[in-house]
Structures are given as C-alpha cells and as structure tokens.
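Chemist: kindly return the folded structure for what I paste below:
(chains A and B)
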Amino acid sequence: MNKQQKYSLLVEAHSTDLYRYAHWKCRDRLMAEEVIQETLLRAWKGIDNLREAGAAKAWLFTIFRREYARQFERKQLDYSDIENMDSIASTEGIDASAPESAALKKALASIGGQYREPLVLQVLGGFSCDEIASILEISASAVMTRVFRAKHS
Amino acid sequence: MDKLTFRRKCLEDPHTADPEFREAWRHDSELEAFRQSVLKTDDQLRSALDVPLPEGLAARL
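Modeler: Numbering: from 1, shown residues only, chains lettered A, B, ... in the order given. Predicted coordinates for the structure are as follows:
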C-alpha cells in the first residue's frame, strides 16, 4: 500500500469521529475544521512513521490535540470552558424530541473539561482506557478515575 | 469481585475485557442489570454528544 492509499484509508475511517471530537474540543465548527485540516496535513507528513494500523485512530487524535494546543496558543483565544459549553448545550445539535439528550448535554456542560474529555473520547471515540491515557498523556488510572467521576456526576 | 468494585469498573468501562468482571455479571443478575443500565446511559450519552456533520466535509478534507 502506498502513502496516498494509506492516508486515504486513514481519513475515510476516522474523519467523522475526529470531527465530532473536534467539535466538542473547539466548540466552533469553523475552528474545528481548521484544526482538522492542520492535523491531516501533519498526518500526511508523518504517515510513514505509523507502523501499526490499529493505533492509527489514537495517533490521529493525539496529533489533533497537539495541533489544537498549538493553534490555541497562537490565537490566544479567550477561553471560558463552562460558558462555551453552555452555549453549545443551549444552541446546537439538540433534538427537541429528545429531552434526555438535552439534559445530558447540559449535564456534560456542567462538569469540568478534565472529566468531560476522557468521557467524550470513551463514548464518542470508542477508545479504551489505555488509548485515552496515551492521547491525553496521563496514566490509565487517572483516566479511569475521571471517567468514573464524570459518569457518576 | 465484590459489588462495589464491579460497579466502579463498570462505570469506568462497561466493555472491559477483564475476565473477572465478565464472570461477575454473567453469574449475578443484579450486576448484569447494572451493567445494562450503564450501557444504556452510554448510548444516550453517545446520542447527546453526536453533532451533525457539515455538508461537504469529506470533500474539504
């Protein structure tokens, strides 16, 4: 398989999950797309270093997080986690016929980012605790504790 | 595995491949009911977290 084929498979398989995660991370559609573009550019440049196909998704999400941090520093965005989450919870993606979804979104908005992020990676990304630990660069036990607290709250 | 440990493990990861965890819910209907309720909540969370994909996203990437 050549580089182009490998890259196409990577994008095809993971771009949807990556966009959903990016949306939650960036809280802005345009910024999410911008960071994804940069992420994919870096993925293209580094794809030859990717040895295990099974690790591709976690690798891509890790690149995304680093790129997000880089852009965040560059733009020095005014960051207010709870306020922005509240605005998302109240304006986007809520199906009026699904009050449970709305309530859960609001609950998610009320928990801290350090608890929400591993939960989003587990539930939306389908990652294991070890993969989340690798993406977030924290220990697996810290991931488990945060996921537990997020769900418990 | 005691019930408290099971509940904690289940909230952390209801899909865990831990054989002790699997044995516990297979042989205890109360634990299995708890696991099912966690799985249901995870499904609801997944729906709540889902966001509509913008049109033409794949082409732009």
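
Chemist: pLDDT score for residue B:24?
Modeler: Listed pLDDT for residue B:24 reads 95.

Chemist: separation between it and residue A:59?
Modeler: As judged by C-beta to C-beta, to the nearest Å, residue B:24 and residue A:59 stand 34 Å apart. (Each C-beta comes from the backbone N, C-alpha and C, glycine too.)

Chemist: check residue B:33 too.
Modeler: Counting by C-beta to C-beta - residue B:33 and residue A:59 are separated by 38 Å.

Chemist: what secondary structure does residue A:127 sit in?
Modeler: Classification of residue A:127 using DSSP: H, G, I helix; E, B strand; the rest coil returns coil.

Chemist: show me what the longest helix that chain A contains is packed up against.
Modeler: Secondary structure of chain A per DSSP state H: the longest helix is helix A:3-26. Packing partners of helix A:3-26 (3 or more C-beta pairs under 8 Å, 6 or more residues apart in numbering or on different chains; DSSP states H and E): helix A:29-46, helix A:56-75, helix A:113-123, helix B:57-60.

Chemist: number of nearby residues for the closest residue to residue A:31 other than its chain neighbours?
Modeler: Excluding its sequence neighbours, the residue lying closest to residue A:31 (C-beta to C-beta, 6 or more residues apart in numbering or on different chains) is residue A:71, at 7.7 Å. Look at residue A:71: counted by other C-beta atoms under 10 Å in any protein chain shown, it has 16 neighbours.

Chemist: how near is residue A:71 to residue A:13?
Modeler: Here the criterion is C-beta to C-beta. By it, residue A:71 lies 24 Å from residue A:13.

Chemist: cool, residue A:133 as well?
Modeler: Applying C-beta to C-beta to residue A:133 and residue A:13 gives a distance of 22 Å.

Chemist: more neighbours: which of these two?
Modeler: residue A:133 (20 against 14).

Chemist: so which strand or helix has that one?
Modeler: Residue A:133 belongs to helix A:129-136 when assigned by DSSP states H and E.

Chemist: so which elements touch that helix?
Modeler: Using 3+ C-beta pairs under 8 Å, 6+ apart: helix A:129-136 touches helix A:56-75, helix A:113-123, helix A:140-152.
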